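K.L.:
here's my sequence, what's the structure:
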Amino acid sequence: MIILKCLLIGLGFLCMPVVWFCRSLFLGSTSGVREFKELEDMGVESHARLTYLEPFGTRGSASAVYEIEVPGGDNVRKQTGVTATPDLVIGGTYPIVRHHQLPTRSYVGTMEEVVDWRKTHEKAAAGAKRIGRIAAALAVVSLVSGVLIVALV
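P.N.:
Reported below is the predicted structural model:
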């Protein structure tokens, strides 16, 4: 009986980090989804010119700076991490989706990629929420069961 009590209470406490992790994953995903939904709704497809590219790390990553053409003749710079591939050429133009009023909010890629990114992260957020709820329910049931066994014995 002592082993059962310890297992139930221990399981309840072990579920808490899972709940916390899923909560933070959910909150992070939903903020990104919100930004990409806004970009999907208010975004304009445009072109950006690659002005800087420097590899970093050992996994084929690079730091890239793009200049985005905006109405009025101004250029806005966007720094982002990219996968270094041979088709990235300084001076080359690449598709970009930029917010029509806030050009600093942008995504290097096409509108289709923005929609795909949003959908993928919406699914991830929903999965994190579901797993977090299951872990929270398991924690409550385990802790209550353990406490009841302690109280009744």
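
K.L.:
spell out the secondary structure type for residue 85.
P.N.:
coil (DSSP: H, G, I helix; E, B strand; the rest coil).

K.L.:
list the residues that contact it.
P.N.:
By Cβ atoms under 8 Å, 6 or more residues apart in numbering, the residues touching residue 85 are residue 60. Glycine gets a C-beta too; all of them are placed from N, C-alpha and C.

K.L.:
ok, residue 118 touching residue 40?
P.N.:
Yes. Under the criterion of Cβ atoms under 8 Å, residue 118 makes contact with residue 40 at 6.0 Å.

K.L.:
ramachandran coordinates for residue 68?
P.N.:
phi -100, psi 130 (degrees, to the nearest 10).

K.L.:
that one and residue 103: what is the separation?
P.N.:
Per Cβ to Cβ, to the nearest Å, residue 68 is found 6 Å from residue 103.

K.L.:
any shared contact partners between the two?
P.N.:
With Cβ under 8 Å, 6+ apart as the test, residue 68 and residue 103 both reach residue 76.

K.L.:
which SSE is residue 71 in?
P.N.:
Secondary structure from DSSP states H and E places residue 71 outside every helix and strand.

K.L.:
repeat that for residue 66.
P.N.:
Per DSSP H and E: strand 61-69 holds residue 66.

K.L.:
and what of residue 89?
P.N.:
Under the criterion DSSP H and E, no helix or strand holds residue 89.

K.L.:
same question, residue 123
P.N.:
With DSSP H and E as the test, residue 123 turns up in helix 111-152.

K.L.:
and if you look at residue 52?
P.N.:
Counting by DSSP H and E, residue 52 is part of strand 43-56.

K.L.:
now residue 58
P.N.:
Going by DSSP H and E, residue 58 is not in any helix or strand.

K.L.:
same check on residue 78?
P.N.:
Here residue 78 is covered by strand 75-83, with elements defined by DSSP H and E.

K.L.:
let me see the mean pLDDT of that strand.
P.N.:
Throughout strand 75-83, pLDDT has a mean value of 85.

K.L.:
and if you look at stretch 41-50?
P.N.:
88.

K.L.:
show me what counts as buried in that stretch.
P.N.:
Buried positions in stretch 41-50, judged by neighbour count with 16 or more other Cβ atoms under 10 Å: 43, 44, 46, 48, 49, 50.
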